[in-house]
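Q: Quick one: sequence plus predicted model below, questions after.
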Amino acid sequence: MSLGTLARSALLSGIAGAFAVSGCSGSEDPGGAVATSAAAISAMADVVFTNPLRLPSVLSGSTAYNLTIESGTAQMKPGNATPVVGFNGTFPGPTIVATRGQTITVTQKNAWSENVSIHNHGHKVAASSDGHPVDYITPGASKVYTYTNDQPAGTFWYHDHTMDVTGSHVYHGLAGFYIIHDPAEDSLGLPSGDYDVPLLLQDKSFDTNNGLTFTDNGPFFGDTPVVNGTANPVLDVANRKYRFRLLNGSNVRPWSLSLTAGTAASFQVIGSDGGLLTAPVSVTSLSMYPAERYDIVVDFSKYPVGTTLSLSNADTTAPAIKTLMQFRVSGTETDTSTVPSALATITRLEEADAKAKANITLSTAGGVWELDGLTYDPSRIDLTSTTGAVTIWTLTNNSPLTHPFHKHLTEFNILDVNGQAPSAAQNGLKDTVQVPANGTARIIFKNETFTGTYVFHCHLLDHEDNRMMLQEGVTQ
């Protein structure tokens, strides 16, 4: 039985799971932004996962796509469909599948009532196609984005990036996967096809009619786990290996993830933001801040048919979400996939080769989140880089909150976090790094191709919308 058939026929059996994971550092008080009753929070521990996980539609096999940003609905919960604004009116947006080295175009038509700007997160693109926050597609207008896909295979995502309203737009549906394949990865024999499953992890809150509730006057944390636009989902799986492409698409919530079937289960991390790691890493927990991606492989052949496993969260940010989704082992299948001991070749940049350095501080003053004591001004270039120059940025966080720092244009390597080498799972290509509370992180990169104006910012969308963002001018 294929994964698609299993997913459509999913009915949850009664085996519950729990996770035990070290929590993420730094959490932010919602400050009353989430209207969730104490009774509702208490009841979340007893949530039953019975909603079959929906999988996004797929666009592939072409070099030109047309998407329309418009209002629509998504069946997130039983009962009333939830109003959204989405790509083609759907949520999540269609998964775009591209091939490395093959240029594609995506024409985005804005049939909605608000300005939008679409960022293909993690991509090396010309500034004109990067989704600059004030490069608006106005209502009724269209814009053609060109993606050269000149980078390793990996899991990326496209989402709204409009100045001041990114959080609201992403929360209400403007997000979708963008996946690059290449022959080198395809030859490895990793789980593929129905067994290669994207999982967009978010938190949302609903009113009594299944409408989304949201406030933009402070960090917003939902009380309900939503994966691929499905609240409290369950996925039926066969007793074989699966590749899951995890994306933290939440506005501000960090996830501290584990997998269990009564006891903690190990799984393999095979990729991070910018593509495959050099080798698989076996873990029992995984910390993910907003915008981070990790590709993992779970081998369900270890569990008898009828077993239910849970993907859960040990981070205690209120309102607490303990379990995101469940997997039920529902059938037996032959498995010819493999996870090789060697995955990809990554040429790490060496600190000794750095030709340029910059220090960037993350801080708050008078309730305003800042980078280098500044907030975003589209008329100002805050930092310059030169193509081809190996560059180190030292990120110093003078605040009591962990920030996911995102740099546009190029992937980077993490040199160290608080003076310590990155974990094996973080030792690949990244575009978002967790800068710990009252700590430091150093990243090293080389802008190789494009010139122009790009942004870097905190990817807590509440902070981004309050202009915790600066501009990098890239020159030859």
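A: Structure received. Owing to the predicted nature of the structure, the values given are computational and were not obtained by experimental measurement. Numbers count the residues shown, from 1 in each chain.

Q: what about the closest residue to Lys77 other than its chain neighbours, how many residues close to it?
A: Leaving out its chain neighbours, the residue that sits closest to Lys77 by CB to CB, 6 or more residues apart in numbering is Ala231, at 4.7 Å. C-beta here means a position set from N, CA and C on the backbone, and glycine is covered the same way. Ala231 sits with 22 neighbouring residues when counted by other CB atoms under 10 Å.

Q: go on, Thr307?
A: Count around Thr307 with other CB under 10 Å applied: 19.

Q: Neighbours of the nearest residue to it once chain neighbours are set aside, how many?
A: Leaving aside its sequence neighbours, Thr307 sits nearest to Val329 (CB to CB, 6+ apart; 4.7 Å). By the criterion of other CB under 10 Å, Val329 has 24 neighbours.

Q: wait, Val329 sits on Tyr242?
A: No. Contact criterion CB atoms under 8 Å: Val329 and Tyr242 do not qualify, at 10.7 Å.

Q: before we move on, back to that, okay, now the sheet partners of the helix or strand hosting the residue nearest to Thr307, with direction.
A: Assigned by DSSP states H and E, Val329 belongs to strand 323-331. As defined by DSSP bridges, the strand partners of strand 323-331 come to strand 233-238 (parallel), strand 308-313 (antiparallel).

Q: Out of those, the one nearest Val435 is which?
A: Closest to Val435 of those is strand 308-313 (CB to CB; 21.0 Å).

Q: pLDDT on that closest one, on average?
A: Averaging pLDDT along strand 308-313 yields 96.

Q: just how off-centre is it within its chain?
A: Put simply, strand 308-313 sits 19 Å off its chain's centre (CA atoms, centre = their mean, to the nearest Å).

Q: Show me which parts of it are buried, residue by residue.
A: Buried residues in strand 308-313, counted by 16 or more other CB atoms under 10 Å: 308-313.

Q: before we move on, the earlier item: shared neighbours, Val329 and Tyr242?
A: Between them, Val329 and Tyr242 share these contacting residues under CB atoms under 8 Å, 6 or more residues apart in numbering: Phe300.

Q: Please verify my assumption that Ile414 contacts Gln426.
A: Yes. Checked against CB under 8 Å, the pair Ile414 and Gln426 is within contact range at 5.6 Å.

Q: Now for those two: what residues contact both?
A: Common neighbours of Ile414 and Gln426 (criterion: CB under 8 Å, 6+ apart): Val433.

Q: Dump the buried residues of strand 308-313 into TSV; add distance to Val197 as well.
A: Output for these, formatted as TSV (distance: CB to CB, whole Å):
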residue	distance to Val197
Thr308	17
Leu309	14
Ser310	16
Leu311	12
Ser312	18
Asn313	19
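
Q: Greatest separation within those: which pair is it?
A: Pairwise distances across the buried residues of strand 308-313 peak at 16.9 Å for Thr308 and Asn313 (criterion: CB to CB).

Q: picking up where we left off before, between the buried residues of strand 308-313, which is nearest Leu277?
A: Lowest distance from Leu277 to the buried residues of strand 308-313 (CB to CB) belongs to Leu311, with 20.4 Å.

Q: Roughly how far does the closest one sit from Leu246?
A: Leu311 sits 9 Å away from Leu246, going by CB to CB, to the nearest Å.

Q: and if you look at Ala320?
A: 20 Å.

Q: again with Glu333
A: The separation that Glu333 has from Leu246, given CB to CB, amounts to 23 Å.

Q: With Ile414 instead?
A: Distance of Ile414 to Leu246, given as CB to CB: 18 Å.

Q: And these two? Which one has more around it.
A: Set side by side, Ile414 and Leu246 show more neighbours around Leu246, with 25 against 21, by other CB under 10 Å.

Q: Tell me the gap between the helix or strand harbouring the more buried one and the middle of its chain.
A: Using DSSP H and E, Leu246 sits in strand 241-248. Centroid separation for strand 241-248 versus its chain: 11 Å, with CA atoms, centre = their mean.

Q: Describe which strands that strand pairs with in its sheet and in which direction.
A: When DSSP bridges is applied, strand 241-248 pairs with strand 196-206 (parallel), strand 293-299 (antiparallel).

Q: Of all the ones you listed, which one is nearest Ala365?
A: Nearest to Ala365 among the strands paired with strand 241-248 is strand 196-206 (28.4 Å), distances taken as CB to CB.

Q: what element comes up after the closest one heading to the C-terminus?
A: Downstream of strand 196-206 (by DSSP H and E), the next one is strand 212-213.

Q: what comes into contact with that following strand?
A: 35, 82-84, 171-172, 204-207.

Q: Now a ChimeraX select for only the buried ones of those residues.
A: Command for ChimeraX that selects the buried part of the contacts of strand 212-213, burial taken from 16+ other CB under 10 Å:
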select :82,83,84,171,172,204,205,206
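
Q: farthest-separated two in the contacts of strand 212-213?
A: Among the contacts of strand 212-213, Ala35 and Val84 lie farthest apart (CB to CB), at 20.0 Å.

Q: I'd like the strands paired with strand 241-248 as JSON lines, with mean pLDDT appended.
A: Output for those, formatted as JSON lines (pLDDT from 0 to 100):
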{"stretch": "strand 196-206", "mean pLDDT": "98"}
{"stretch": "strand 293-299", "mean pLDDT": "98"}
